[in-house]
Every structure is written in C-alpha cells, then in structure tokens.
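[1] Starting from these lines, generate the structure:
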Amino acid sequence: MAEQPGTLLYYLKRSTEFLEKKEIPNPRVDAEWLLSDLLDLPRIKLYSQFEMPLSQKEIDLYRERIVERSKRKPVAYITGKKGFHQFDYFVSEDVLIPRPETEELVDYLFKQKETLKEEFPEGIQIWDLCSGSGCIGISLAQLLKPNTVVLSDISEKAIGTSKLNAEKYNLTDIQFYVSNLDESLPNDLQFEVIVSNPPYIPESEKEDIMPDVLDYEPHLALFVSDIIGFHRSLFSSAKQRIKPGGWFLLETHPSYIQDLESLALSMGFLSPKRILDSSKKERFLFLKTERQIES
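    Now for the predicted structure:
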C-alpha cells in the first residue's frame with residue numbers, strides 16, 4: 001500500500017526505518033506498540049487505520065516516543081505499562097519490567113489451584129517477597145482469591161508502584177511493607193504460600209546484559225554480589241514465615257539452581273522440584289516444608 005504523507009502508515013514506516021538505522025531489535029513491532037498505545041487502539045487495529053491522518057499533537061508525541069526508543073529506553077517505560085498474564089500493570093524505572101518467564105511462575109500456581117484447595121482447605125495467605133511492581137502478588141490475588149496477600153520490597157518506590165497497581169484493580173485488602181526481606185513484617189505473619197522473583201544475576205554478568213536493561217532497569221532488583229549468600233538470607237526469612245506444609249516457589253538463575261536447591265535442603269526445605277520455563281531452562285525452584293504430625 002502506498003502511504004500518503006500525514007497518515008498513520010506514513011509515520012509508522014518512517015519510524016520503523018529510523019529505529020532500524022539505530023539498530024533497535026524488532027523496530028516495526030516497537031513502532032506499532034508505541035503508536036497503538038498513543039492512539040489508544042489495539043495494535044491489530046492499526047492495520048485497518050493506515051489511511052487515518054494524525055494530528056500535529058499526535059505526530060509530535062509519537063516522534064518523542066520514537067526518539068526515546070532509539071536511545072534504548074524500553075517500550076514499557078515509555079508507555080508506563082506492561083501486559084502480564086491476564087492483566088495490565090503500571091511500570092516505571094523504579095521497578096523491573098515484568099518478564100514472560102515470571103508469567104509462567106504465576107501460571108504454574110494458577111494451574112495448582114485445586115491442589116492448593118485440597119492441601120489448605122481453610123484458605124491461603126500469600127507473600128510476594130521482593131515484589132517490585134506487584135505483578136506476581138496482585139495477579140495471584142485475582143486468580144487464586146486467597147485470604148491474604150502481602151507484598152514486600154526493599155524499595156519504597158517499588159512499593160509505591162505496586163500500590164497503584166492494586167488500586168487499579170480495586171484490591172483494598174493487600175498489605176504492603178517496605179522491608180529488607182522479612183525484617184519489617186509483623187512478627188505473627190505466617191504464610192501457606194511464598195513466591196519470589198528476587199535479584200539473581202551475579203554482578204560479574206553485567207557486561208553481558210543488553211543496554212535496554214542495564215541502562216534503565218533498577219540494578220537493585222537485578223544484581224547480587226553474592227548469589228549464594230543473598231539466597232541464604234532469603235531462604236532464612238522464608239523459612240521463618242512459612243507454615244508447616246507450606247509452598248515456596250522461586251524464580252532464579254538456571255546456572256545456580258542446583259546450588260540453591262542444595263542450600264534450601266540444608267536449611268530444612270523439602271520436596272525440591274525444578275521447573276522448566278518455555279525455553280526449557282531450569283528457571284523455577286519449588287520447595288515445601290514438613291507438615292506437623294497430628295497428635
């Protein structure tokens with residue numbers, strides 16, 4: 001289709017060419033996402049609107065977005081939101097952009113819904129440890145309908161973002177804590193299910209990280225200097241807070257999952273199970289605790 005100057009297709013093609021020259025991966029896809037969000041149109045609808053003229057304001061705003069993307073700023077930070085599982089969450093540079101792998105972690109628990117009901121007939125309390133945007137805990141609050149959901153993160157700004165996401169879905173009964181692991185949680189808080197996507201990339205791997213991530217996403221949520229030492233502290237906090245027979249599901253670095261499994265077993269966790277992500281990498285570690293013996 002020959003595009004006319006001033007139309008949607010004209011600016012979409014020019015933007016794609018510009019991003020291509022800047023060596024941005026998937027330039028057409030990014031150009032489409034940025035335009036569909038700006039126009040508040042589903043991306044697929046752009047194809048039926050190619051001849052639509054854009055206003056000068058729309059053209060100027062779109063150019064600004066394309067320039068930002070050309071500097072490697074992630075699309076999610078430009079639009080301020082990211083789709084995750086069945087939902088859509090606010091994101092900013094204070095939180096990690098939710099990943100497809102983390103959707104798989106949520107989906108795993110969602111598929112265990114009936115098993116959770118059988119094992120915990122009185123309901124479940126969920127703790128999203130290192131919660132970031134809140135995408136895990138807030139999704140599970142809607143998918144599993146637990147009795148309680150607690151979100152905690154060391155970053156006050158991350159907790160601020162997760163509060164906005166809870167408000168978006170009118171979830172008024174979620175508890176939020178700015179906390180280094182469990183330090184600031186009330187002493188009596190205990191959980192049947194703990195789920196965590198903590199920082200797990202060794203600082204030694206920074207040079208291998210793409211600039212879109214390294215230059216924009218919060219390093220506090222990405223990198224650890226001592227992956228085993230950090231997880232020892234994380235496992236200790238989880239062990240103190242998990243109820244007998246409770247579940248602990250962790251997203252982690254495939255290269256370290258065997259070491260972390262051994263560490264968890266040495267600290268009293270049971271029934272380890274490594275779960276593959278869609279790329280067939282051992283991305284998730286599932287653990288349990290011993291049930292109390294009925295007297």
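[2] all strands of the stretch 51-200 of the chain, in order?
    With DSSP state E, counting those that start in this stretch as the criterion, the stretch 51-200 of the chain has strands at 81-84, 87-90, 125-129, 148-153, 174-178, 191-196.
[3] pLDDT (mean, whole number) over stretch 9-29?
    Throughout stretch 9-29, pLDDT has a mean value of 96.
[4] shaky segments in the stretch 51-200 of the chain?
    For the stretch 51-200 of the chain, no stretch is flagged by pLDDT under 70.
[5] returning to that earlier point: what's the closest of the strands of the stretch 51-200 of the chain to L46?
    Smallest distance to L46 across the strands of the stretch 51-200 of the chain (C-beta to C-beta): 16.6 Å, for strand 81-84. To be clear about C-beta, it is placed using only N, CA and C from the backbone, and glycine gets the same treatment.
[6] list the helices and strands that closest one packs on?
    On a contact count with 3 or more C-beta pairs under 8 Å, 6 or more residues apart in numbering; DSSP states H and E, strand 81-84 meets strand 87-90, helix 100-111, helix 135-144.
[7] Note down every partner strand of the first one and its orientation.
    In this case it means strand 87-90. strand 81-84 (antiparallel) (DSSP bridges).
[8] centre of the chain versus the partner strand, how much separation?
    Its chain's C-alpha centre and that of strand 81-84 lie 9 Å apart, by C-alpha atoms, centre = their mean, to the nearest Å.
[9] picking that back up, would you mind giving the strands of the stretch 51-200 of the chain as JSON lines with distance to P254 and mean neighbour count added?
    Shown next, in JSON lines, are those (distance: least, C-beta to C-beta, whole Å; neighbours: other C-beta atoms under 10 Å):
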{"stretch": "strand 81-84", "distance to P254": "21", "mean neighbour count": "18"}
{"stretch": "strand 87-90", "distance to P254": "25", "mean neighbour count": "19"}
{"stretch": "strand 125-129", "distance to P254": "20", "mean neighbour count": "25"}
{"stretch": "strand 148-153", "distance to P254": "24", "mean neighbour count": "25"}
{"stretch": "strand 174-178", "distance to P254": "30", "mean neighbour count": "18"}
{"stretch": "strand 191-196", "distance to P254": "16", "mean neighbour count": "25"}
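[10] Redo those as JSON lines? Include distance to D277.
    Below are the strands of the stretch 51-200 of the chain laid out as JSON lines (distance: least, C-beta to C-beta, whole Å):
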{"stretch": "strand 81-84", "distance to D277": "15"}
{"stretch": "strand 87-90", "distance to D277": "20"}
{"stretch": "strand 125-129", "distance to D277": "19"}
{"stretch": "strand 148-153", "distance to D277": "23"}
{"stretch": "strand 174-178", "distance to D277": "27"}
{"stretch": "strand 191-196", "distance to D277": "15"}
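[11] Y216 against P74, yeah?
    Yes: shown here, Y216 and P74 form a contact pair, counting by C-beta atoms under 8 Å, at 5.9 Å.
[12] Between these two, point out the one with more neighbours.
    The neighbour comparison of Y216 against P74 (other C-beta atoms under 10 Å) goes to P74, with 19 against 15.
[13] Please name the residues that touch that one.
    97, 212-213, 216-217 (C-beta atoms under 8 Å, 6 or more residues apart in numbering).
[14] What distance do you get for it to N165?
    Distance, P74 to N165, by C-beta to C-beta, to the nearest Å: 18 Å.
[15] Tell me which residues touch the residue positioned nearest the centre of the chain, please.
    Centrality entry for the chain: nearest residue to the mean C-alpha point is P98, 2.9 Å, by C-alpha atoms, centre = their mean. Listed by C-beta under 8 Å, 6+ apart, the contact partners of P98 are 82, 84, 89, 91, 132-133, 135.
[16] Check the spacing between it and P186 real quick.
    Computed as C-beta to C-beta, the P98 to P186 distance reads 28 Å.
[17] And the helices in the stretch 1-150 of the chain, which stretches?
    8-21, 27-39, 56-70, 75-79, 100-111, 113-119, 135-144 (DSSP state H, counting those that start in this stretch).
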